[in-house]
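> Could you look at this predicted model? Sequence included:
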Amino acid sequence: MSIEVSIKKNFGAFRLDVSFSGGNEVLAILGGSGCGKSMTLRCIAGIVTPDEGRITVDGVPFFDSEKKINLTPQERKAGLLFQNYALFNNMTVAENIAAGVREKLPQREKLARTAPYIRKFRLEGLEKRLPHELSGGQQQRVALARILIGKPRILMLDEPFSALDSYLRWEMELELKETLKEFPGSTLLVSHSRDEVYRIAQNVCVIDQGTSQPVQTVRDLFDRPATQAAALLSGCKNYARCRASGGTTLRVSDWGLTLDCSQEVPEGITMLGVRRHYVLPAPEGGVNAFPCTVRQVIDDVFSTIVILQPCTAPEDALYPTLESELPKDAWAALHLGPGDRLQVRIAPEHLLLLR
């Protein structure tokens, strides 16, 4: 089971240019609002036609601009779960699920086929209810059952938890993970949530302003993001302009510092990223220790976020501050506040070298 996508589409000032491939796995498409994530799924499903390129699923060409191939949505057999689930409001649960049967069969036979899916998705007793009589989680189960009863070649989930209350999301995420384990084909998960992507997907393709970046494992996205866009989506909060200064050293111009890395600094590195839980107090000094001024202290739910300004930061710095996230008791033990000095350290292995 595989998918290969390489397409371009112009929408006035916005240009979609995405390329990725995946196998029998959950491949996440991660990006900010309006970056082209949902539009990519619509192109694969056949709802939107690309200007050029190719889309192939399990060796079946869905779209090929050179060969003039453009299968209809029905011919593609692509299962797309919309954000609002797109249930038929005038149909019951059983009728909605039966609508996913692709063969031309009498309605009675279609309804008979829904029984195992009603059991699988724990919808017993709800068969005759209309969508407005269901909870958000129940509506999602109906929508998934309707897709899977049609035996799709590929499953595509467009922000599957966005319409759910926060207390339902965790439960539905666990259920979805079990469903995806049994699905024999490729799954595409569109999300702007790094947490969902980390827990559900194996690989990820970042889309930034319509352009895709190379597919990487989810673990690599968090451990070794290649670009600032990828680092931002993975939750990194601290950035500073930098350049290689020879060997394993890095000149960080925004902080007025030279830091040591745990590796040879490649040419072309222009930005440094640091996750805030790796910015730690270091009164004893050490490698990559430097003094800062405490600018602001934010009491978060389970931690304290401290905004710091390196004492050597120049006046024209684009990124003059950095954030440290500490346990509440660790910060309280320092007895510091805005205006005080604090020496911090960033271990060489925790420096993210970005392009």
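Nice, I can see it. Residues are numbered from 1 along each chain as shown.
> Buried residues, the lengthiest helix in the chain. List them.
Taking DSSP state H as the criterion, the chain has its longest helix at helix 166-182. Neighbour counts using 16 or more other Cβ atoms under 10 Å place 168-169, 172-173, 175-176, 179-180 of helix 166-182 among the buried residues. For glycine as for every other residue, the C-beta is placed from the backbone atoms N, C-alpha and C.
> cool, stretch 151-164 as well?
Quick answer for stretch 151-164 (16+ other Cβ under 10 Å): 152-161, 163-164.
> Pull the contacting residues for the residue nearest to residue 185 when sequence neighbours are not counted.
Nearest non-adjacent residue to residue 185, counting by Cβ to Cβ, 6 or more residues apart in numbering: residue 1, 4.5 Å away. For residue 1, the contacting residues are 23-24, 58, 184-186, by Cβ atoms under 8 Å, 6 or more residues apart in numbering.
> list the helices and strands the longest helix of the chain packs on?
Packing partners of helix 166-182 (3 or more Cβ pairs under 8 Å, 6 or more residues apart in numbering; DSSP states H and E): helix 136-148, helix 194-200.
> where's whichever helix or strand comes after that helix relative to the chain centroid, distance-wise?
Once helix 166-182 ends, the next helix or strand along the chain (criterion: DSSP states H and E) is strand 186-191. Here strand 186-191 is found 9 Å from its chain centre; the criterion is Cα atoms, centre = their mean, to the nearest Å.
> now the angle between helix 166-182 and strand 186-191, please.
160 degrees (axes from the mean of the first three to the mean of the last three Cα atoms, to 10 degrees).
> Can you tell me which of the helices and strands packed on helix 166-182 is packed in deepest?
helix 136-148 (a mean of 22; mean count of other Cβ atoms under 10 Å).
> Among the buried residues of stretch 151-164, which pair sits farthest apart?
153 and 164 (26.7 Å; Cβ to Cβ).
> tell me which of the buried residues of helix 166-182 is nearest to residue 18?
residue 180 (22.0 Å).
> Quick check: that closest one touching residue 187?
Yes: assessed by Cβ atoms under 8 Å, residue 180 is found in contact with residue 187 at 5.6 Å.
> which residues are in contact with both of the two?
Common neighbours of residue 180 and residue 187 (Cβ under 8 Å, 6+ apart) are 26, 155.
> What residues are bridge-paired with residue 251?
residue 243, residue 258 (DSSP bridges).
> now the least confident helix or strand in the chain by mean pLDDT and helix 136-148, what's the angle there?
None of the helices or strands of the chain scores lower by mean pLDDT, DSSP states H and E than helix 166-182, at a mean of 86. With the same axes, to 10 degrees as the basis, helix 166-182 and helix 136-148 are set at 20 degrees to each other.
> okay, helix 166-182 in PDB with CA atoms only?
In PDB, the C-alpha atoms belonging to helix 166-182 read as follows (Å, rounded to 0.1, in the frame of the first residue of the first chain):
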ATOM      1  CA  SER A 166     -11.700  19.000  24.600                       C
ATOM      2  CA  TYR A 167     -12.800  16.400  27.100                       C
ATOM      3  CA  LEU A 168     -13.900  14.100  24.200                       C
ATOM      4  CA  ARG A 169     -10.800  14.500  22.100                       C
ATOM      5  CA  TRP A 170      -8.600  12.100  24.100                       C
ATOM      6  CA  GLU A 171     -11.200   9.400  24.100                       C
ATOM      7  CA  MET A 172     -11.800   9.700  20.400                       C
ATOM      8  CA  GLU A 173      -8.100   9.800  19.700                       C
ATOM      9  CA  LEU A 174      -7.600   6.500  21.400                       C
ATOM     10  CA  GLU A 175     -10.500   5.000  19.500                       C
ATOM     11  CA  LEU A 176      -9.100   6.300  16.200                       C
ATOM     12  CA  LYS A 177      -5.700   4.900  16.800                       C
ATOM     13  CA  GLU A 178      -7.200   1.400  17.200                       C
ATOM     14  CA  THR A 179      -9.200   1.900  14.000                       C
ATOM     15  CA  LEU A 180      -6.100   2.900  12.100                       C
ATOM     16  CA  LYS A 181      -4.200  -0.200  13.200                       C
ATOM     17  CA  GLU A 182      -6.800  -2.300  11.400                       C
END
